[in-house]
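# Okay, predicted coordinates and the sequence, questions at the end:
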Amino acid sequence: MKYSNFFIPTFRENPSDAKLKSHILMLKSGMIKQETSGIYSWLPLGFKVLKKIIKIIEDTHDSHGINQILMPTIQSSDIWKMSERYDTYGKEMLRIIDRNNKELLYGPTNEEMITSIGKHFIKSYKNLPRYFYHIQSKFRDEIRPRFGVMRAREFLMKDAYSFDKDEKSGELTYENFFKLYLSIFEKLGLKIIPVRAPSGEIGGSLSHEFHLLLETGESKIFIDETFLNSNFSKLKIPEIKSINSFTDELYDSLKISKCLKQLKSTELGHIFLFGEKYSKSFDFKIDYNNEKIYPYMGSYGIGVSRIPAAIIELSNDNNGIIWPKEVAPFEITLINLTSDNVSTKLFCEQLYASLKKSNYDVLLDDRFERPGIKFSDADLIGIPIQIIVGKNFIDKKEINIKTRKDLNETTICSDNIFKFLKKMKV
RNA sequence: CGGGGAGUAGCGCAGCCUGGUAGCGCAUCUGUUUUGGGAACAGAGGGUCGCAGGUUCAAAUCCUGUCUCCCCGACCA
């Protein structure tokens, strides 16, 4: 992508309305635009990051036989009346009346809808287990939205749903999703802590949240300190059930006596095994041998649009964002400091083409801007590698490679660029 | 929902107390000179001062109402 074609409206001054570092940087780097309280547009740079995250989530789900679908944002009140959540969900649910006076709502979650889909199509235990997921906007009318996309009203969520024939099979599914989540967060470069959680509004018995430790986080979790360095990926259901870490709500209600460390965090994922709750209320029965059973269900959410903000909270400096390579909008930014010079222009165009040919995701800064502006924009938008081409190239065929993380700069001969990138393991 | 703050050019702000033709910095446009860390000079454009009503000869400024946004808390997860 060429900068001249890519819309990145950066700002020199900090936005007055934002307080959290990630919120400030997302606005300042032109990733998002607030439309109204708790509702945001994703601009090209932000959307590119979001798509990288979505791709990791999709690939991981697809490789585990989880079927991607797309359910609508607008739901009928009928299915919510069936589960009796239409009344209990409260003011967080955005209710809509259509022209025929039919009660609709903007979905805050999709258990009801997936249950109705399951009931419509699944008739036999031989079709189970079956897994579905979708990535779709949700709306929860928070009392007080804040911190940009961290706590938005409209947000993007990955929610998966499982149908099993019985509890035992359901727990195996739950265990698989538990591991799936660990691997997704690992691929995102995030060190995540699973904690036991109350199952709350959705109901059921088994529930865990996946938390990222963050000083500026809104959640509190209680964990055994040895957990900070544990590997959870080998855990089986009995161990998962008895993990020694808790959300504050569960910690309070269980009155845990053992001394646990309290830490601040942000919730990025939440999984539930709620069993027959919805299949029962929908009278969703299937044939099993010579009887009828209610499928055993679970749901598994990831707050997709919250992830970019969480990463920025962890990874930034005074100059701007520092993207980890896993989710960086581009791997490399190629900065031509002298856009009007024929030889640097030609070199950059050729290098840009061959980098793309080698499958590097590159942003070529070909703008007619002064060097200072290009440097500060590059640091602000935080692409991991900067290749800087300017006077040194014209004089000595030398270019500079800068790593955004530590701002270290190396001068190399322009012929050696690919060798150097390989050595850097970009 | 309780408490606090704010709405004036695209962004950041001053002006309001003490009413008298709406300003600054950045950004934008034109020109010249510049060009390895947010350039200089010269010129230009851009405003229903959130909205509605009231007081007044006169309202960004005073009064009343209302909408929106932000922060703290409670709530939610």
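Ah, there it is.
# Could I get the phi/psi values of residue A:238?
Here is the backbone geometry of residue A:238 (degrees, to the nearest 10): phi -60, psi -40.
# Check it and give its pLDDT.
What the model reports for residue A:238 is a pLDDT of 92.
# Can you tell me the element the nearest residue to residue A:240 once chain neighbours are set aside falls in?
Leaving aside its sequence neighbours, residue A:240 sits nearest to residue A:178 (Cβ to Cβ, 6 or more residues apart in numbering; 5.7 Å). C-beta coordinates here come from the backbone N, C-alpha and C atoms, glycine included. In the assignment (DSSP states H and E), residue A:178 maps to helix A:167-187.
# Tell me what angle whatever helix or strand comes next after that helix forms with helix A:167-187.
Downstream of helix A:167-187, the first helix or strand assigned by DSSP H and E is strand A:192-196. On the basis of axes from the mean of the first three to the mean of the last three Cα atoms, to 10 degrees, strand A:192-196 is oriented at 150 degrees to helix A:167-187.
# Let me see the residues that make contact with strand A:192-196.
Residues outside strand A:192-196 that contact it (Cβ atoms under 8 Å, 6 or more residues apart in numbering) are A:178, A:181-182, A:185-186, A:207-213, A:221-223, A:227-228, A:232, A:240-241, A:243, A:245-247, A:250, A:265, A:268-269.
# again, only using 6 Å
Strand A:192-196 is contacted by residues A:185, A:208-212, A:221, A:232, A:243, A:245-247, A:250 when judged by Cβ atoms under 6 Å, 6 or more residues apart in numbering.
# Same question for stretch A:119-135.
Looking at what lies outside stretch A:119-135 - Cβ under 6 Å, 6+ apart - the contacts are A:54, A:61, A:66-71, A:158, A:160-165, A:169, A:173, A:282, A:284, A:286-288.
# Just the ones of the residues you listed in helices?
A:54, A:61, A:169, A:173 (DSSP state H).
# Now stretch A:392-410: buried residues?
By 16 or more other Cβ atoms under 10 Å, the buried positions in stretch A:392-410 come out as A:392-394, A:398-402, A:404.
# Keep only those that also lie close to RNA strand B.
A:392-393, A:398-400, A:402 (Cβ under 7 Å from any atom of the strand).
# Those into CSV, with extra columns for secondary structure, distance to residue A:416 and pLDDT?
Formatted as CSV, those follow (DSSP: H, G, I helix; E, B strand; the rest coil; distance: Cβ to Cβ, whole Å; pLDDT from 0 to 100):
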residue, secondary structure, distance to residue A:416, pLDDT
A:392, helix, 14, 95
A:393, helix, 13, 96
A:398, strand, 10, 97
A:399, strand, 9, 97
A:400, strand, 12, 97
A:402, strand, 16, 98
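# closest to residue A:24 among those residues?
For those, the residue nearest residue A:24 by Cβ to Cβ is residue A:402; the value is 23.2 Å.
# Domains of chain A: list them as residue ranges, please.
What automatic domain parsing lists as the domains of chain A is A:3-316, A:332-423.
# May I have the distance across the first one, first residue to last?
Between the start and the finish of domain A:3-316 there is a gap of 22 Å, counting by Cα to Cα, to the nearest Å.
# Please state the offset of that domain from the chain centre?
Chain-centre distance of domain A:3-316: 10 Å, with Cα atoms, centre = their mean, to the nearest Å.
# quick one: secondary structure of the closest residue in space to residue A:412 that isn't next to it in sequence?
In this structure, residue A:412 finds its nearest non-sequential neighbour in residue A:420, 5.3 Å apart by Cβ to Cβ, 6+ apart. Reduced to three states with DSSP: H, G, I helix; E, B strand; the rest coil, the structure at residue A:420 is helix.
# Now do residue A:420: how many residues are near it, please.
Neighbours of residue A:420 under the rule other Cβ atoms under 10 Å: 16.
# Touching the helix holding residue A:178 from outside, list them.
A:56-57, A:60, A:64, A:129, A:162, A:164, A:192, A:210, A:232-233, A:237, A:240, A:269, A:271, A:273, A:296, A:298, A:300.
# again with stretch A:140-147
A:20, A:23, A:37-38, A:92, A:94, A:108, A:151-153.
# and that stretch, does that touch RNA strand B?
Yes: residues of stretch A:140-147 contacting RNA strand B under Cβ under 7 Å from any atom of the strand: A:140, A:142-147.
# Could you measure from residue A:206 over to RNA strand B?
In this view, residue A:206 and RNA strand B are 14 Å apart by Cβ to the nearest atom of the strand, to the nearest Å.
# Skipping adjacent residues, who's closest to that residue in space?
According to Cβ to Cβ, 6+ apart, the nearest residue to residue A:206 is residue A:273 (4.0 Å).
# is it true that that neighbour lies in a strand?
Yes: inclusion of residue A:273 in a strand is indicated when three-state DSSP is applied.
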